[in-house]
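K.L.:
predicted coordinates and the sequence they were generated for:
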Amino acid sequence: MKSKNSLPPLVEPAAELSRAEVARYSRHLIIPDVGMVGQKRIKNARVLVIGAGGLGSPALLYLAAAGVGTIGIVEFDEVDESNLQRQVIHGQADVGRPKAESARDSILEINSNVEVRLHQFRLEPDNAVELFAQYDLILDGTDNFATRYLVNDAAVLAGKPYVWGSIYRFEGQASVFWEDAPDGRGLNYRDLYPEAPPPGMVPSCAEGGVLGVLCASIGSIMATEAIKLITGIGESLLGRLMVYDALEMSYRTIKLRRDPAREPITELIDYDAFCGVVSDEGVAAAAGSTITAPELAAMLAAGKEIEIVDVREPVEWDIVHLPGATLIPKDRILSGEALAELPQDRPIVLHCKTGIRSAEALAALKKAGFADATHLQGGVIAWANQVDKSLPVY
């Protein structure tokens, strides 16, 4: 349905639909707002999906089912057992396979008319703009700020609209960004987040978790927005941030406005440096004060008196923990509250899941005078992979 805020259709219609396509898409064709012309636009569309993970999975499946003619997938990872809780495009038999190939097979099983293009590499500043130029529309299902800013800036330089989604625990967000949108309505991700949050402030899904079914809600909203943009129907999320809370089952939208202080995007930058996974303090503290899992195992075997401090959360401790460790969550160390509980008479070794949070906690300890404190490189995951393979990983 046309509204005063409708955008023009992004894609020109294809020449025709075959008899088989008319039968396949009949439930679309009898919707007046879609009809034959709308379905021909969908057939002619080229959509690039960044990531075949939690958000990419439902989005890819529904875009394929809807009849998007060309779907590109940017994905270099392999299917892991922990993915199956939410990444429904992959199955048990796909564990260990490249995600892009697994996703392609699932798409073709749903709709063999789709041309699937695989881009099995990491999206980088030197390949993003050229890649985006080959597509009409981008869907960003990535889970880290560095890649989100890269996708945004490359989309601006390529002149492409993109649908963005984000998930964490029980909450999801979605919006549409398009710097070159008509009628002066252009917005991009930097209007929502002018700067990346400080390192360690926003945990990833791997650190903080995500309810698997939440991905279906946000991923399907992303696919819906894509189809609306392609066909020019309805009112897109351009200029609005949609926030979904699964626990209270509420959707709300927040109006977004252009940041008047935002500088124009003229080039791509080093996004890892811009976002900083670990703070400068954490990097400085870890330099020369990092030990490996085999080194820690050798110290324990030799009977060395050390205090192992686990800075993860209690729910993570319940999954797996190192023998002899004490649980003191990172926030209690950063606030200074737990400093009095730490021993002064023996070296302290901090660890978390992968080494990011423990580096931040190590910086706080060094500042408080614990000069010989160290942290475990790779965290409990490294210990489980290198020392005690019987331990579960998560």
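P.N.:
Happy to help now that I have it.
K.L.:
does Asn111 touch Ala65 like I think?
P.N.:
Yes: Asn111 lies in contact with Ala65 (Cβ atoms under 8 Å); the separation is 6.1 Å. Placement of C-beta: from N, CA and C, glycine included.
K.L.:
name the residues that touch the helix or strand hosting His28?
P.N.:
Element membership for His28, per DSSP states H and E: helix 26-29. Under the criterion Cβ atoms under 8 Å, 6 or more residues apart in numbering, residues Val22, Val34, Gly35, Met36, Gly38, Gln39, Ile42, Ala66, Gly67 lie in contact with helix 26-29.
K.L.:
where does Ala100 land in three-state SS?
P.N.:
Under DSSP: H, G, I helix; E, B strand; the rest coil, Ala100 falls in the helix class.
K.L.:
burial measure for it, as a count.
P.N.:
If you count neighbours by other Cβ atoms under 10 Å, Ala100 ends up with 23.
K.L.:
now the strands: where do they sit in the stretch 51-200 of the chain?
P.N.:
Here the stretch 51-200 of the chain has its strands, by DSSP state E, counting those that start in this stretch, at 70-74, 115-119, 137-140, 162-168, 171-177.
K.L.:
buried ones in the second one, by neighbour count?
P.N.:
By 16 or more other Cβ atoms under 10 Å, the buried positions in strand 115-119 come out as Val116, Arg117, Leu118, His119.
K.L.:
who's in contact with the residue nearest to the third one when sequence neighbours are not counted?
P.N.:
What sits nearest to Leu118 in space, not counting adjacent residues and going by Cβ to Cβ, 6 or more residues apart in numbering, is Ala100, at 4.5 Å. Residues counted as contacts of Ala100 (Cβ under 8 Å, 6+ apart) are Ala52, Ile73, Glu75, Phe76, Leu118, His119, Gln120.
K.L.:
the third one touches Gly56, doesn't it?
P.N.:
Yes: with contacts counted by Cβ under 8 Å, Glu75 reaches Gly56, the gap being 7.4 Å.
K.L.:
shared neighbours, the two?
P.N.:
Common neighbours of Glu75 and Gly56, counting by Cβ under 8 Å, 6+ apart, are Ala103.
K.L.:
quick one: Phe177 from Tyr189, how far?
P.N.:
Noted for Phe177: a distance of 5 Å to Tyr189, by Cβ to Cβ, to the nearest Å.
K.L.:
next: Phe121.
P.N.:
Relative to Tyr189, Phe121 is positioned 22 Å away (Cβ to Cβ).
K.L.:
neighbour-wise, which of those two wins?
P.N.:
Set side by side, Phe121 and Tyr189 show more neighbours around Tyr189, with 22 against 12, by other Cβ under 10 Å.
K.L.:
not counting sequence-adjacent ones, nearest residue to the more buried one?
P.N.:
Using Cβ to Cβ, 6+ apart, the closest residue to Tyr189 is Asn152 (3.8 Å).
K.L.:
quick check: the one you found touching Arg190?
P.N.:
Yes: between Asn152 and Arg190 a contact is recorded at 6.6 Å, counting by Cβ under 8 Å.
K.L.:
what is in contact with the two at once?
P.N.:
Shared contacts of Asn152 and Arg190, defined by Cβ under 8 Å, 6+ apart, comprise Ile265.
K.L.:
who has more neighbours, these two?
P.N.:
Ranked by neighbour count (other Cβ under 10 Å), Asn152 and Arg190 place Asn152 first, with 24 against 19.
K.L.:
residues in contact with that one?
P.N.:
Contacts for Asn152 were tallied using Cβ under 8 Å, 6+ apart; they are Asp140, Tyr162, Trp164, Phe177, Asn188, Tyr189, Arg190, Ile265.
K.L.:
I'd assumed Leu187 was in contact with the third one.
P.N.:
No: the pair Trp164 and Leu187 fails to qualify as a contact (Cβ under 8 Å) at a distance of 10.9 Å.
K.L.:
who touches both of the two?
P.N.:
By the contact definition Cβ under 8 Å, 6+ apart, Trp164 and Leu187 are jointly contacted by Phe177.
K.L.:
and these two? Which one has more around it.
P.N.:
Counted by other Cβ under 10 Å, Trp164 and Leu187 do not tie: Trp164 has more neighbours, with 28 against 21.
K.L.:
burial count for Glu248?
P.N.:
8.
K.L.:
swap in Ser82?
P.N.:
By other Cβ under 10 Å, 12 other residues sit near Ser82.
K.L.:
surely it and Tyr394 touch.
P.N.:
Yes: Ser82 is in contact with Tyr394 according to Cβ under 8 Å; the separation is 6.7 Å.
K.L.:
how does the chain divide into domains?
P.N.:
According to automatic domain parsing, the chain comprises the domains 19-275, 280-386.
K.L.:
so what's the most centrally placed residue in the chain up against?
P.N.:
Of all residues in the chain, the one closest to the mean position by Cα atoms, centre = their mean is Asp143, 1.4 Å from it. By Cβ under 8 Å, 6+ apart, Asp143 lies in contact with Gly51, Gly53, Gly54, Ser166, Ile167, Ser204, Cys205, Ala206.
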